[in-house]
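Chemist: Quick one, fold the following:
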Amino acid sequence: DFEDGFAFENWEQFNSTSAAQWVVGDSAAADTSDAFGAGGLPPPAHTNFVYVSDGRAGGSDFESFLISPFLDFSDNHTAVVKLAGYAQVWANSNYNPCYVMVRADMGPWELLIDFSFDHSSGWGDYSASMDDVVAGSDYVQLAVTYGHLGGYNSGYGNGIAIDDLTLDIIPGPHGLALAPTISDVTLSWAHPD
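Modeler: As a prediction, this is how the structure comes out:
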């Protein structure tokens with residue numbers, strides 16, 4: 001939830017310019033910095049959150065990635081990622097991508113959530129299942145990506161912010177019992193819900 005700063009251990013950021021970094025702050029901090037540009041719409045109040053310090057990197061094109069440490073899903077087959085997201089971007093996500101992506105076992109990145117649009121009404125809540133990518137894998141990573149590409153600027157400023165990033169692991173069935181007869185096999189189990 002970023003209330004204590006960058007609380008996630010071993011998360012890494014990769015930025016194609018030193019002019020834009022992932023930082024933690026509140027709405028006032030994002031409003032007084034270059035995060036969303038002069039005259040831009042900074043995120044409404046949402047306690048502390050993580051955002052890119054300069055959504056236009058001083059006018060230069062750049063890309064930025066916030067990447068999680070490796071997560072072990074070898075014993076899990078279901079997972080839902082949730083977050084609150086805020087963005088001010090050009091109308092086409094090719095120019096200002098705001099994505100949450102996932103990969104397993106150092107494979108290709110898969111798009112989970114695309115919130116590349118002007119959030120003129122405030123924060124949005126997003127969630128996506130990533131079962132089909134991560135199930136049974138022991139080297140899973142999440143990435144939040146942002147880009148200011150092609151020089152395209154939103155009229156509301158440019159930038160990205162996220163908060164309350166969570167993973168919900170849904171427990172599977174347990175107590176599997178097998179009851180075979182000469183004509184069929186019956187399976188029974190218990191499930192948490």
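Chemist: And the helices in the protein?
Modeler: For the chain, the helices defined by DSSP state H cover 27-32, 131-134.
Chemist: Report the distance from the last one to the chain centre.
Modeler: Centre-to-centre, helix 131-134 and its host chain are 15 Å apart (CA atoms, centre = their mean, to the nearest Å).
Chemist: do the first one as well
Modeler: A distance of 21 Å separates the centroid of the chain from that of helix 27-32, by CA atoms, centre = their mean.
Chemist: Which strands and helices lie in contact with that helix?
Modeler: When contacts are defined as 3 or more CB pairs under 8 Å, 6 or more residues apart in numbering; DSSP states H and E, helix 27-32 packs onto no helix or strand at all. Backbone N, C-alpha and C define where each C-beta goes, glycine included.
Chemist: Next, count neighbours for Ala79.
Modeler: Neighbour count for Ala79, taken as other CB atoms under 10 Å: 20.
Chemist: same thing with Asp72?
Modeler: Using other CB under 10 Å, Asp72 has 11 other residues around it.
Chemist: contacting residues for it?
Modeler: For Asp72, the contacting residues are Asp138, Tyr139, Val140, by CB atoms under 8 Å, 6 or more residues apart in numbering.
Chemist: Check the spacing between the most centrally placed residue in the chain and Asp164 real quick.
Modeler: Geometric centre of the chain, nearest residue: Val100, 3.8 Å, by CA atoms, centre = their mean. When distances are taken as CB to CB, to the nearest Å, Val100 and Asp164 turn out to be 13 Å apart.
Chemist: which residues do those two both contact?
Modeler: Common contacts of Val100 and Asp164, defined by CB under 8 Å, 6+ apart, comprise Leu83.
Chemist: Save the helices of the chain as a markdown table, and put in distance to Ala38 too.
Modeler: As requested, those are exported to a markdown table (distance: least, CB to CB, whole Å):
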| stretch | distance to Ala38 |
| --- | --- |
| helix 27-32 | 11 |
| helix 131-134 | 39 |
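Chemist: follow-up on the earlier one: could you measure from the nearest residue to the residue nearest to the centre of the chain once chain neighbours are set aside over to Ser93?
Modeler: Closest residue in space to Val100, ignoring its immediate chain neighbours: Ile113 at 4.0 Å, by CB to CB, 6 or more residues apart in numbering. Taken as CB to CB, the spacing of Ile113 relative to Ser93 amounts to 11 Å.
Chemist: cool, and Gly37?
Modeler: For Gly37, the distance to Ser93 (CB to CB) stands at 18 Å.
Chemist: same deal with Ala45?
Modeler: On the measure of CB to CB, Ala45 and Ser93 end up 26 Å apart.
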